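**Q** What would the 3D arrangement of this be:
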Amino acid sequence: MVSATAIILSAAVLAMVWALFQFLLITKIPVKSEGISDSTGLVSGSNDEATTRRLIEIYTAIYEGAESFLRAEYTICAYFIIVFGAIIFALVSWGTGDWARGTFTTLSFVLGACTSILSGYLGMKVAVYSNVRTTVCAQKSGWTLCFNTAFRAGAVMGFALCGLGIFMLYITLLAFRIHYPDPKDWIYLTESLTGYGLGGSSIAMFGRVGGGIYTKAADVGADLVGKVVHGIPEDDPRNPATIADNVGDNVGDVAGMGSDLFGSFAEATCAALVLGNSIGLSGGWDAMVFPVAVSAVGIFVCLICSFIATDIMPVKSEGDVEKALKLQLISTTILMIPTVYFTAEYFLPQEFELRATVGVDVVTLHPWQACFCVIMGAVGGLIIGLITEYYTSSSYKPVRELADSCKTGAATNMIYGIALGYKSAIIPVIVLSIVVYGSFAMADMYGVSLAAIGFLSNLATGLTIDVYGPVCDNAGGIAEMAELEPYVREKTDALDAAGNTTAAIGKGFAIGSAALVSLALFGAFVTRVRHASNDTLFQDGVNMLHPLTFAFLIIGGMIPFAFAAMTMKSVGVAAMEMVMEVQRQFDEKPHLLDANPTERPDYDACIAISTNASLKEMVPPGAMVILTPLLTGIFFGVYAVSGLLVGSLIASVQLAISMSNSGGAWDNAKKYIEQASPDSDLKGKGSDVHKAAVVGDTVGDPFKDTSGPALNIVMKLMAVLSLVFADTFYAVKGGAGIFQL
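**A** This next block holds a predicted model:
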C-alpha cells in the first residue's frame, strides 16, 4: 500500500520538476526581434539590431525596477518576521504554558513567511523573464507560440508554488511528529502548524497591499495624464510612468497574488488539520493528512490538463484563447471529482470518528462524505468563477451595457459599474451559503474546511491562468514601448483581454475560497478555545446575542470598509503625486510629446514615486488587520473575537466580490470600446466615449487590483491570527480579557 507521505512528497517534487521543465522551454526563446514567418524573414521597421537592443533595454528596466522594489519590501518584511516571531514565541509559550509549542509555532511562522516571500519573488522573476519573450513570439505568424510562452510562464509559477508549499508544509509536519509521536498529542502538532498559515498570510498582506498600491499608482497616473489629457496610447514610450506601470504588473499582480494564494492554501490546510486531528485516533496518520493528499493529487490533475492548452487543443486563432483558458478550469474541476473519490476511499478508513465543533457528540463519518465536501467546494468554485466571467467579460450583456453607458459620460459609467459589482455578488454568495450548509451538514466544520480545500484543489491551474494575464499585459507594453508593428500590440491585447476575464474568474475562486477558509479557521478557533478551557467555553457554540459578541460583530463588519478606505486613499495619494510628476516632465520638456522625440522621459523618477509610496502606505492597513484581533482578544476576550471574525467575514465577502467585479467590468468595457470602429455607436479609441471609459477603468484599477483582492487576506489573516493566539486569549482572565466586560 502506498502511503500518503509517498504520494504527497512525490507530487510536490514532480510539481517543482515540471515547473523547471516549463522554464527551460521558455529559456530556449532568444530575445531577438523577428518577423511574421517562423524563418529568418523580418518585419519592416523591426529588422535591425536597434529594436533588439531596445527590447533588452526595456526588459532590463522592468526587471531592475521590480527587483529593487521587492528587495525593499522584503527587507521590511524580514524585520516584521523577526519582531512578530518574537511576539508569537512569547505569547503562545505563555498562553499554553508549553515552551515547545511556542517554539514550534514560531518556527512554522518563519517557514510560512519565508516560503511566501520565495513564492512571490520566484513569480516576479519568471514573469519578467517571460514577458519580453512573449512579445518576441507575438511577432511571428500564428497564435500558438505566443500563447504557449505566456501560459508556460504561468505554469512555472503555479506548479513551483504548489510544489514548494506542499513540500515545506509536509516536511514541517513530519518534523513536528518526531516530538509528538502519539496520536493523542497530534492536536498540539496541528496547533503548532497554524503558524505556517499565519506566516504566509502576513507576507501576503504586505505583498498584496504594497504591490497593489505600486501598480495602481503608476497605472492611474499614466492613464490620466497620458490617455485622458494628452491622448497618447497606453504604454506609449513618451509617457514617463509607463515603465513603473509595467513593473507594477509584476510586483502586484504576480508576486502579491502568488503570496496571497499560497496563504490561502496554507491556511485551508492548517484549518482542516486542526479540525480533523481527532481523525488520527481512529484512522491513523494517512487519514489525518487527507486534506494535504487532496492538494497533492490536484497537482497530478492540473499537470495532465495543462497538455490540453499547449498540445492537445493548441490555440490557433484569437477566438481560441479564452476557450483554452476556461477549458483549463472546467477540465481540472471535472477530473478532480473521480480523483478525490478514489483518494478518499484509499486513505480514509471505512468509518472514522470526529469530535463535533458544537456540543459533546462524536460524529461518525465515511469516506464518501469527506469526498462530497471536497467536490462541493470544487464545483462551487467553478460556478462562482463562471458567474464572475459573465459579469466581467465583454462577450456578455453586463459589460456591453456598461460600455453603452459611456455614451453619456463618465458619471453614468460609474453608476452602472458600481451597480454591476453589487449585483454580481448575489449568486456567488448564495452558492457559498449552499456549500457551507451542505458541507457542515455532511461532516461538521471539518466538512467546511474540506470544501475550502476543494476550492483550491486545482490551485496550480488557477495560478497558471492568473500569471498568464500580467505576462501578456507586460508583453503588450513592451511592444508599444519598443515601437513594434501595430499587429504585435493587437495580438498581445487579444491575449491580455482573455487574461483579464480569466483573472477575474481567478479572483472569484480566491474570494470564495477565502470565505470558506475564514469560516473553517473560525471553527478551528472555537475548537481550540474549547480544548484550552476544558469545554467551559463555546461547548454549545457561539451565542451571537451575547452583548459583547454582537457589539464586536458590528465592529468586525466595519473593518473591511476601513481597510478599503485606507488602501484606496493610498492609491489616490500616490497617483496624484504620479500625475504631477508626469505633467511636470511634459511641461518642462514639451518635445517629449512629439511624434518622434529625440529624448527619453525620466522613467526612474516615476518608479521612485511608486516605490516610496507603496512602502510607506502598506504599513498602516496591515498593522490594523494584524493588531485588531490581537488587541481585541487580550483586552476584551474570546467572545469579542468571535463577533469580530464573523462580522469581518460577512462584510469582506460582499465587498471583495463587488469591488473586484466592478473593476474588471470597467476594464473590459474600455477594451470593448477600443475595439469598436470610429463609425460605430461607441466611436472607438480617442473618442469622448472612450475617455469616459478610461475614467471608469482608472477608478476600477484600485477596486480590482488593490482593495478588492486584499480583502481576501483581511478575513483570512484575522481568523488565522486569532487561531494562533487562541490559548493566549484564554489565558487572560479565563478568556474574559483584561477588561472583563
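**Q** I'd like to know how far Val720 sits from Val646.
**A** From Val720 over to Val646 the distance is 15 Å, taken as C-beta to C-beta, to the nearest Å. Any C-beta I mention is one placed from the backbone N, CA and C, and that applies to glycine too.
**Q** Point out where the stretch 1-150 of the chain drops to low pLDDT.
**A** When residues are selected by pLDDT under 70, those of the stretch 1-150 of the chain lie in 34-48.
**Q** mind redoing it with 50?
**A** Counting by pLDDT under 50, the stretch 1-150 of the chain shows low-confidence ranges at 36-46.
**Q** any chance you could map the helices in it?
**A** 4-27, 49-96, 99-138, 144-179 (DSSP state H, counting those that start in this stretch).
**Q** can you list those in a markdown table and add distance to Val732?
**A** Compiled in a markdown table, the helices of the stretch 1-150 of the chain are given as follows (distance: least, C-beta to C-beta, whole Å):
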| stretch | distance to Val732 |
| --- | --- |
| helix 4-27 | 38 |
| helix 49-96 | 8 |
| helix 99-138 | 16 |
| helix 144-179 | 26 |
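**Q** To Ser282, which of those helices lies closest?
**A** Each of the helices of the stretch 1-150 of the chain was checked against Ser282 via C-beta to C-beta, and the shortest separation belongs to helix 4-27, namely 15.7 Å.
**Q** what's that closest one in contact with?
**A** 126, 129-130, 133, 149, 152-153, 155-160, 162-164, 166-167, 170, 174, 285-286, 289-290, 292-293, 296-297, 299-300, 303, 347, 460 (C-beta atoms under 8 Å, 6 or more residues apart in numbering).
**Q** in it, what counts as buried?
**A** Of the residues in helix 4-27, those buried by neighbour count under the rule 16 or more other C-beta atoms under 10 Å are 4-5, 7-9, 11-12, 14-16, 18-19, 22-23, 26.
**Q** Looking at the helices of the stretch 1-150 of the chain, which is nearest to Gly359?
**A** helix 49-96 (24.8 Å).
**Q** what helices or strands is the closest one leaning on?
**A** Other elements packing on helix 49-96 under the criterion 3 or more C-beta pairs under 8 Å, 6 or more residues apart in numbering; DSSP states H and E are helix 99-138, helix 186-222, helix 242-248, helix 459-481, helix 603-617, helix 726-731.
**Q** what's the angle between the second one and helix 99-138?
**A** Translated: helix 186-222. Orientation of helix 186-222 against helix 99-138 (axes from the mean of the first three to the mean of the last three C-alpha atoms, to 10 degrees) gives an angle of 40 degrees.
**Q** Same question for the fourth one.
**A** If you take the same axes, to 10 degrees, helix 459-481 sits at 40 degrees to helix 99-138.
**Q** average pLDDT across helix 459-481?
**A** Per-residue pLDDT values over helix 459-481 give a mean of 90.
**Q** just how off-centre is that helix within its chain?
**A** A distance of 14 Å separates the centroid of the chain from that of helix 459-481, by C-alpha atoms, centre = their mean, to the nearest Å.
**Q** what about Met442, how many neighbours?
**A** Taking other C-beta atoms under 10 Å as the criterion, the count of residues near Met442 is 21.
**Q** Help me confirm that it is found in a helix?
**A** Yes - going by DSSP: H, G, I helix; E, B strand; the rest coil, the assignment for Met442 places it inside a helix.
**Q** Could I get the contacting residues of it?
**A** Counting by C-beta under 8 Å, 6+ apart, Met442 makes contact with Gln369, Phe372, Cys373, Met376.
**Q** Once you drop chain neighbours, what's closest to it?
**A** Using C-beta to C-beta, 6 or more residues apart in numbering and skipping residues adjacent in sequence, the residue nearest Met442 is Gln369, 4.9 Å away.
**Q** export the contacts of Met442 to JSON lines and tack on distance to Gly231 and secondary structure?
**A** Converted to JSON lines, the contacts of Met442 look like this (distance: C-beta to C-beta, whole Å; DSSP: H, G, I helix; E, B strand; the rest coil):
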{"residue": "Gln369", "distance to Gly231": "61", "secondary structure": "helix"}
{"residue": "Phe372", "distance to Gly231": "57", "secondary structure": "helix"}
{"residue": "Cys373", "distance to Gly231": "54", "secondary structure": "helix"}
{"residue": "Met376", "distance to Gly231": "51", "secondary structure": "helix"}
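**Q** Distance to Ala425 added to those, as a markdown table?
**A** A markdown table is the format used below for those (distance: C-beta to C-beta, whole Å):
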| residue | distance to Ala425 |
| --- | --- |
| Gln369 | 30 |
| Phe372 | 26 |
| Cys373 | 24 |
| Met376 | 20 |
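**Q** hang on, the earlier thing: kindly supply the PyMOL command isolating those of the contacts of helix 4-27 that are buried.
**A** To isolate in PyMOL the members of those that are buried, counting by 16+ other C-beta under 10 Å, one can use:
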select buried, resi 126+129+130+133+149+152+153+155+156+157+158+159+160+162+163+164+166+167+170+285+286+289+290+292+293+296+297+299+300+303+347+460
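**Q** so which of the contacts of Met442 is the most crowded?
**A** With neighbours taken as other C-beta under 10 Å, the top of the contacts of Met442 is Cys373, carrying 30 neighbours.
**Q** Roughly how far does the spatially most central residue of the chain sit from Thr215?
**A** Most central in the chain under C-alpha atoms, centre = their mean is Met257, positioned 3.6 Å from the mean C-alpha point. With distances taken as C-beta to C-beta, Met257 is found 11 Å from Thr215.
**Q** what bits of this protein have low per-residue confidence?
**A** The chain contains residues with pLDDT under 50 at 36-46.
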